[in-house]
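[1] sequence below, structure please.
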Amino acid sequence: MRCPFCQFTENRVLESRSAESGQSVRRRRECLQCNRRFTTYERIEFVPITVIKRDGDRESFDRSKLLRGIMRACEKTGVSTVELENLVDEIEAELQQRSVREVYSNEIGELVLKHLQTLNEVAYIRFASVYRQFQGIRDFVDTLNHLQSVTDKSSPSTTLDSGDLSASENNVREASLRP
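    Residues are numbered from 1 along each chain as shown. Sure thing, here's the model as predicted:
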C-alpha cells in the first residue's frame, strides 16, 4: 500500500475495524517514511450484476440508486439511515448469492417490498405505489388488504370491501374540493 502523501510503500497498521455492516474492513495506517496517517478500506469485490429494466434496457446494478428509492419511500417514517443501509446490504447480498449475473428490475422491487413489509408498513405502501404504478384508490386498497392479511391474519374483519371503496373514493373527492 502506497502512502498517499509521499508514495512510500512501507507502512504499519495502527488499527483495524469492521465497517459497513461487516462488508468491509477499515484500517488506520501510518507511513514509515513521512509518519503521516491515512485510512484504507478493504472490500470484497463482487461480480457485477446487470439489471434488466422493464423496457428491456440493461444497466449495471447501482446500490446508491436502490438506496435513494428506498429512502424516498421511508421519508418521515422514523426509519434510520443505519436501518436503510442494512436493508440495502441484505438485498445486495441476496442478489450476489444468486448464480445468475443478470436480474430483472421487478425481482429487485419484490425483494425491496419483502424487506419493507417487516421494516415499515407505510414505507411498504409508498414503495409499492411507485414500483407497481398504482392508478387509483383500488390499487391502494388491494395492497392494504394484502398487507393486512399478511401481518394480522387474526382479524380479517378489518379489511375493506368494495362497498367501503366507493365511500373512500367519495371522501377523497370531497377532501380535494375543500378550500
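
[2] okay, buried residues for stretch 25-44 please.
    Of all the residues in stretch 25-44, those buried under the rule 16 or more other CB atoms under 10 Å are 27, 29, 31. Glycine gets a C-beta too; all of them are placed from N, C-alpha and C.

[3] list just the nearest of these to Met1.
    Checking those against Met1 by CB to CB gives Arg29 as the nearest, at 6.8 Å.

[4] wait, that closest one touches Glu10, no?
    No. Counting by CB atoms under 8 Å, Arg29 does not reach Glu10; the two are 10.3 Å apart.

[5] got the phi/psi numbers for the residue nearest to Ile49 when sequence neighbours are not counted?
    If the residues on either side of it in the chain are set aside, Ile49 comes closest to Phe61, at 3.9 Å by CB to CB, 6 or more residues apart in numbering. For Phe61, the backbone dihedrals (degrees, to the nearest 10) come out as phi -60, psi 130.

[6] and Phe61, how far is that from Gly136?
    Using CB to CB, to the nearest Å, one gets 32 Å for the distance from Phe61 to Gly136.

[7] those two - which one has more neighbours?
    Phe61 (19 against 10; other CB atoms under 10 Å).

[8] mind checking how far that one is from Gln23?
    According to CB to CB, Phe61 and Gln23 sit 15 Å apart.

[9] wait, a helix at Gly78?
    No. Counting by DSSP: H, G, I helix; E, B strand; the rest coil, Gly78 is located in no helix; its state is coil.

[10] per-residue pLDDT, it?
    For Gly78, the pLDDT comes out at 92.

[11] for it, what are its contacts?
    Asn120 (CB atoms under 8 Å, 6 or more residues apart in numbering).

[12] let's go with 10 Å and repeat that
    Taking CB atoms under 10 Å, 6 or more residues apart in numbering, we find Gly78 in contact with 120, 122-123.
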